[in-house]
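1. I'd like to go over a predicted model; first the sequence, then the structure.
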Amino acid sequence: MSQDSANMVDAHNPPPPPPYAIPKKRKGWKIFFRLVLGVSLLLNFSMCAMLFGTGMQPEDEMPTVVERLSWGERTAPVKAAVLRYDGMIMRRPQGLLGGGGDPVTRILREIQAVTVDPDVKAILFQVSSPGGGVTSSDEIYRALMRFKASDPERRIVVQIRDLAASGGYYISLPADVVVANPTAVVGSVGVMLSAVNFHELGEKIGMKDVTLTSSENKALLSSLKPVDPEHEEILQAVVDDLYAQFRDLVLESRPFDAAYAETHRLLDGRVFTARDALAHELVDELGYDDDARAAVSRLFANQDVAFYNISAPSGLAGLLGASASSPSLPALNLPFTGGAEFLYLWRP
């Protein structure tokens, strides 16, 4: 083939372009998407578990809980459930978009779960709370009393860590023994109803309350109306009645009588150091975790005890939310919120 023919062929069939390096795909994106997929599958599985449960047992009568051995041997003759309540005693939803449940429902489910478990002979109830709602405190108290009533051999030890004030002390009253940390604060037996009145401020800025009611006592404690002495009297009677219930339970549960309580002003709403509380028998002894466990053992003739941490499963809401027992503040009765409520609460 002539040189001219070769050139013609090359013109019609140009040589292929030189090879180039193919950029490597970044593995970081793959890892990220795998993580996202894994979390998505986990959330979907959790949601399905909640929506399509087994249905083999009534969920409120026999709640499902997780129990983990905390202390002792599984073969110990006495099984004790360790329950905890930290923070405000309020039915306040926690977590993302309020989906994390509320701490009162959580503890009530845990108490019910150990109540229907015939193997549980004791509850070690660890409390650190300034109190909270009147009804919520009473519900927890009654649930603990039902646990004891379900079996005459069952016992409760309360361990006060930082604080058991007002409702926090109320829920401690079912205890056979109350052990307080030496630096704990105890007491504040009383009731409060907190509100803010904006009537004078409203007059200054031209704000007027136009609430319509069926009777003059329907809008008790209105934020934008003058304080009515009759309304105060009505609400004070409610506060006094709720206080009387608290006071009577303390006198039923603790070894001192009404005369002693009156003389030493134990039930007038004040708080006490742990040492003063011990001196006045508001608590039974001072100590720490090991002392609380020893108190449980003593109630069963010093037998060995297996302590199990009990927790209600949080499910999807717990994955998205905060701890069920995280504290929240009670609402003030601000205009248009209707947030006032009767409280067994110490709020310095």
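-> Done, it's in.
2. Secondary structure element holding V250?
-> Using DSSP states H and E, the element containing V250 is helix 229-253.
3. Now tell me what touches that helix from outside.
-> Judged by C-beta atoms under 8 Å, 6 or more residues apart in numbering, the contacts made with helix 229-253 from elsewhere in the structure are 134, 138, 141, 169-170, 173-175, 189-193, 217, 220-221, 257-258, 261, 266-267, 342, 344. Where C-beta positions appear, they are placed from N, C-alpha and C, glycine not excepted.
4. go on, stretch 71-82?
-> Among residues not part of stretch 71-82, those counted as contacts by C-beta under 8 Å, 6+ apart are 67, 70, 110, 114, 117, 119-124, 126, 293, 296-297, 300, 303-310.
5. returning to that earlier point: what mean pLDDT does the helix holding V250 have?
-> Per-region confidence: helix 229-253 scores 94 on mean pLDDT.
6. Same question for stretch 282-296.
-> When pLDDT is averaged over stretch 282-296, the result is 98.
7. ranges for the helices of this structure?
-> Assigned by DSSP state H, the chain shows helices spanning 3-12, 27-51, 103-115, 134-149, 167-170, 199-205, 229-253, 258-263, 274-279, 289-299, 315-320.
8. now the angle between helix 229-253 and the fourth one, please.
-> What it means is helix 134-149. Angle of helix 134-149 versus helix 229-253, following axes from the mean of the first three to the mean of the last three C-alpha atoms, to 10 degrees, is 20 degrees.
9. same check, this time on the third one
-> An angle of 30 degrees separates the directions of helix 103-115 and helix 229-253 when computed by the same axes, to 10 degrees.
10. What mean pLDDT does helix 103-115 get?
-> Helix 103-115 shows a mean pLDDT of 97 in the predicted model.
11. And the fourth one, by the same measure?
-> Averaged over helix 134-149, pLDDT sits at 98.
12. If you count neighbours, what's buried in it?
-> Of all the residues in helix 134-149, those buried under the rule 16 or more other C-beta atoms under 10 Å are 134, 136-141, 143-144, 147-148.
13. Can you check the pLDDT for A21?
-> For A21, pLDDT reads 53.
14. do P77 as well
-> 98.
15. Count the residues that sit near it.
-> For P77, the neighbour count with other C-beta atoms under 10 Å is 12.
16. Could you check how far it is from A292?
-> Taking C-beta to C-beta, to the nearest Å as the measure, P77 falls 19 Å from A292.
17. go on, T213?
-> As defined by C-beta to C-beta, T213 lies at a distance of 51 Å from A292.
18. Which one of those two is surrounded by more residues?
-> In terms of neighbours (other C-beta under 10 Å), A292 is the more surrounded of T213 and A292; the figures are 25 against 10.
19. Could you give the number of residues near T75?
-> The local packing count at T75 equals 7, with neighbours defined by other C-beta under 10 Å.
20. whoops, H280 was the one
-> H280 has 19 neighbours, counted by other C-beta under 10 Å.
21. What of E59?
-> 11.
22. And it, how far from L69?
-> 25 Å.
23. before we move on, the earlier item: selecting buried members of the contacts of helix 229-253 in PyMOL, what would you type?
-> Written as a PyMOL command, the selection of buried residues from these, which uses 16+ other C-beta under 10 Å, is:
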select buried, resi 134+138+141+169+170+173+174+175+189+190+191+192+193+220+221+261+266+267+342+344
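24. What is the end-to-end distance of stretch 151-159?
-> For stretch 151-159, the first-to-last residue distance is 22 Å (C-alpha to C-alpha, to the nearest Å).
25. Show me what counts as buried in that stretch.
-> 154-159.
26. That one: how far from the chain's middle?
-> 21 Å (C-alpha atoms, centre = their mean, to the nearest Å).
27. same deal with stretch 174-185?
-> Relative to its chain's centre, stretch 174-185 lies at 19 Å (C-alpha atoms, centre = their mean).
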